[in-house]
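Asks: Predicted structure and sequence below. I'll ask about it afterward.
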2 protein chains.
Amino acid sequence: MFITFTEEKLRTFTFTVFKKMGCSDEHANLATDVLVRSDLRGIDSHGVARLSGYYRLWEKNRINATPNIKIVHETPTTATVDGDAGLGLVVAPFAMKVAIEKAEKYGSGWVSVKNSNHFGIAGYHALMAVEKDMIGISMTNASPLVAPTYANERLLGTNPMCYAFPAGKYPAVVVDMATAAAANGKLEIAQRANADIPDGWVQDKDGHQSINANELKAGGSLLPLGSDKDHGSHKGYGLGATVDILSAVLSGANYGPWVPPFVAFLEPDPNPVGEGIGHFLGAMRVDGFRPAQDFKDHLDNWIKRFKSAKTVDENKKVIIPGEPEYQFENERKITGIPLIDVVVNDLNGLAEKIGVDKL
Amino acid sequence: MFITFTEEKLRTFTFTVFKKMGCSDEHANLATDVLVRSDLRGIDSHGVARLSGYYRLWEKNRINATPNIKIVHETPTTATVDGDAGLGLVVAPFAMKVAIEKAEKYGSGWVSVKNSNHFGIAGYHALMAVEKDMIGISMTNASPLVAPTYANERLLGTNPMCYAFPAGKYPAVVVDMATAAAANGKLEIAQRANADIPDGWVQDKDGHQSINANELKAGGSLLPLGSDKDHGSHKGYGLGATVDILSAVLSGANYGPWVPPFVAFLEPDPNPVGEGIGHFLGAMRVDGFRPAQDFKDHLDNWIKRFKSAKTVDENKKVIIPGEPEYQFENERKITGIPLIDVVVNDLNGLAEKIGVDKL
């Protein structure tokens, strides 16, 4: 069952919780914006549903509500940022601002981040660059859930990558994707519905593919995009590895199986290879390559051509990456944001515990 | 049947053919190096097997053997290069050199290329950066063969992307992958063997998945990495779109269905939206983020951990991206390069036609 809230209502509630954690007004506002925008864009798994989780990590001192986020190494167009164990929701926008400033001066900017936490949806950060007529790139590593091709171990997170491009009369093209065959959120939906999942999403603890969504919790692993070797799982694994290396080996964060868990009831590895989790953010000025209007006109033409493609089923049109999220955002700004009752109860439980107004 | 040639023999032959086309010594040498290195690395589909194809395109004036390759737009860290219809084998290394020079000065360099042709293996260009302790990125768009999710039209090429990272005592990590479920080369092998292919590689002209490798030539399409919507084909499509936009919409090359065919017997679209095909190349100095030795030590640790992963089948170890190609290269430098007889006959036919020594 779903209950619908206005954007404003969710913002107020979320802001209040972050303030209770001790965040500054600026940080609480920013973290709220990242979470609520995820719900607006229809990516419910990464929105306010995660608020209690952040709070529990803060209670265990694994999130620092008043971080001193700073650049620790740089050149004119590259930098490493130390997130000081802050909310990724705050650290990643800081790092993207650094990338954008460098791009304004030199054409491009690239920032690898260590000592951070879960950063919400990758698209939020990449879209910061799009607003400045830049191409935005954002990636993050994540708690290990994915077994590389042939492995029977969780060595990579769902490690999303996002590329966002400013268009003209159409909305931005936003490719925002986990590098696993299916993200964990889809499994959770199947678990709640007690429904089978397609073959190729998970393998059980013995390494056999399974259509039982509960096998992941029973010691199994998610599979990389491609699902098996014949269908290119080595490519999904390669993309997950790329995200891991750019986000963590480059910055000094934890990588591979050492990435700390996102849930408070699991402890981080006692012998970490780095600090916190890692992100990678980039911005390139479109007019560093050709006049921005030329690029937008041609991207519009690209979009128009793909939208009008001949399709297999006349009821299923080709979707432009980012288009569904854009439509959700326009719609939910007016009609409100539906939250499943489990999430509402969880948030109201949190409110009661910490003494703030319920939703 | 295979016939094995020394690296030197193939180099001499290939150089001679490029010289016959009118290439300068420098360009003929470089183009030869790109092609032969592909054969050395075991990527036979992109090596000297393509030489006749390049020659035929040159005969039809679609490849310019004496191009004036130049930067047409730039900032300190970005540039657009006009390949003047030259061999991609020559244009892409030029562009990667520009990216590396910019990275040496400012930390990173990014070059989008228009008016080019097929550039060989993406890994060659990315590895140019690795030699300088940089992270190398290379991508290219390609003739349309892939149908986006839900489409029944070829709108994207197999659009490969490559990320290469310098390691310490291990060979470089090189993620070099087509964004289709399977590259065309794999289909050609199945066609020759008259063998079935896995479901999820192609759809027939009516948009139904097929295990018949010949359906591609009969008007079907390749499928994006992920194969179908349930298994994430929208992600493979999103990656192919990213490569297309960075390579062509950004540079002014042709994109999507307008990308000119690689084969001389098919004519380019009479109403192009840009010039030639496009590439995208990037280089980032590792020490722009942390001391290079720290990065290499941690990448070595990453590699060691993944190589020693627990596996499903004890005979199949986890493979580090780029490791098989590295092993091929070491081996074939000593034992030579095996070419299938069809390719040898084709090359000797070319030699006869243009009056140079046969293989």
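Replies: Noted; the coordinates are in hand.
Asks: Can you verify A:R192 is assigned to a helix?
Replies: Yes. Residue state for A:R192 (DSSP: H, G, I helix; E, B strand; the rest coil) corresponds to a helix.
Asks: what number of residues lie near it?
Replies: 11 (other C-beta atoms under 10 Å in any protein chain shown). In short, each C-beta sits where N, CA and C put it, glycine included.
Asks: which residues does it contact?
Replies: A:V342 (C-beta atoms under 8 Å, 6 or more residues apart in numbering or on different chains).
Asks: As a check, name the ranges of all strands in chain A.
Replies: A:2-5, A:70-74, A:78-82, A:108-116, A:134-140, A:161-165, A:173-177, A:202-203, A:209-210, A:221-222, A:277-285, A:337-340 (DSSP state E).
Asks: May I see the ones you listed arranged in CSV, with mean neighbour count and distance to chain B as well?
Replies: Shown next, in CSV, are the strands of chain A (neighbours: other C-beta atoms under 10 Å in any protein chain shown; distance: least, C-beta to the nearest C-beta, whole Å):
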stretch, mean neighbour count, distance to chain B
strand A:2-5, 14, 24
strand A:70-74, 14, 6
strand A:78-82, 26, 3
strand A:108-116, 30, 5
strand A:134-140, 29, 8
strand A:161-165, 27, 5
strand A:173-177, 25, 4
strand A:202-203, 26, 8
strand A:209-210, 18, 10
strand A:221-222, 25, 10
strand A:277-285, 30, 6
strand A:337-340, 19, 22
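Asks: Now render those strands as JSON lines, adding mean pLDDT and distance to A:G232.
Replies: Converted to JSON lines, those look like this (pLDDT from 0 to 100; distance: least, C-beta to C-beta, whole Å):
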{"stretch": "strand A:2-5", "mean pLDDT": "97", "distance to A:G232": "36"}
{"stretch": "strand A:70-74", "mean pLDDT": "98", "distance to A:G232": "36"}
{"stretch": "strand A:78-82", "mean pLDDT": "98", "distance to A:G232": "31"}
{"stretch": "strand A:108-116", "mean pLDDT": "98", "distance to A:G232": "27"}
{"stretch": "strand A:134-140", "mean pLDDT": "98", "distance to A:G232": "20"}
{"stretch": "strand A:161-165", "mean pLDDT": "98", "distance to A:G232": "16"}
{"stretch": "strand A:173-177", "mean pLDDT": "98", "distance to A:G232": "15"}
{"stretch": "strand A:202-203", "mean pLDDT": "97", "distance to A:G232": "16"}
{"stretch": "strand A:209-210", "mean pLDDT": "94", "distance to A:G232": "15"}
{"stretch": "strand A:221-222", "mean pLDDT": "97", "distance to A:G232": "16"}
{"stretch": "strand A:277-285", "mean pLDDT": "98", "distance to A:G232": "23"}
{"stretch": "strand A:337-340", "mean pLDDT": "96", "distance to A:G232": "34"}
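Asks: Distance to B:T242 added to those strands, as TSV?
Replies: Below are the strands of chain A laid out as TSV (distance: least, C-beta to C-beta, whole Å):
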stretch	distance to B:T242
strand A:2-5	34
strand A:70-74	27
strand A:78-82	21
strand A:108-116	16
strand A:134-140	9
strand A:161-165	5
strand A:173-177	5
strand A:202-203	27
strand A:209-210	28
strand A:221-222	22
strand A:277-285	13
strand A:337-340	29
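Asks: for chain A, where's the lowest mean pLDDT among helices and strands?
Replies: helix A:184-193 (a mean of 82; mean pLDDT, DSSP states H and E).
Asks: mind exporting that one as CSV, just the C-alpha atoms?
Replies: Extracted in CSV, the C-alpha atoms of helix A:184-193 (Å, rounded to 0.1, in the frame of the first residue of the first chain):
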residue,chain,number,x,y,z
ASN,A,184,19.5,-4.8,-5.4
GLY,A,185,16.3,-2.7,-5.3
LYS,A,186,14.7,-4.9,-7.9
LEU,A,187,15.5,-8.0,-5.8
GLU,A,188,13.9,-6.4,-2.7
ILE,A,189,10.7,-5.8,-4.7
ALA,A,190,10.7,-9.5,-5.7
GLN,A,191,11.4,-10.6,-2.1
ARG,A,192,8.5,-8.6,-0.8
ALA,A,193,6.2,-10.0,-3.5
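Asks: buried stuff in that helix?
Replies: Neighbour-count burial for helix A:184-193 flags A:184, A:186-187, A:190 (criterion: 16 or more other C-beta atoms under 10 Å in any protein chain shown).
Asks: Likewise for stretch A:120-134?
Replies: A:120-130, A:134.
Asks: So which of these belong to helices?
Replies: A:122-130 (DSSP state H).
Asks: show me the contacts for the residue most central in space within chain A.
Replies: A centroid search over chain A (C-alpha atoms, centre = their mean) returns A:I121, at 3.0 Å, as the residue closest to the centre. Counting by C-beta under 8 Å, 6+ apart, A:I121 touches A:34, A:37-38, A:41, A:43, A:46, A:176.
Asks: Quick one: residues contacting A:T16.
Replies: Contacts of A:T16 by C-beta under 8 Å, 6+ apart are A:356-357.
Asks: same question but for A:V111, I mixed them up
Replies: For A:V111, counting by C-beta under 8 Å, 6+ apart, the contacting residues are A:78-81, A:95-96, A:98-99, A:280-282.
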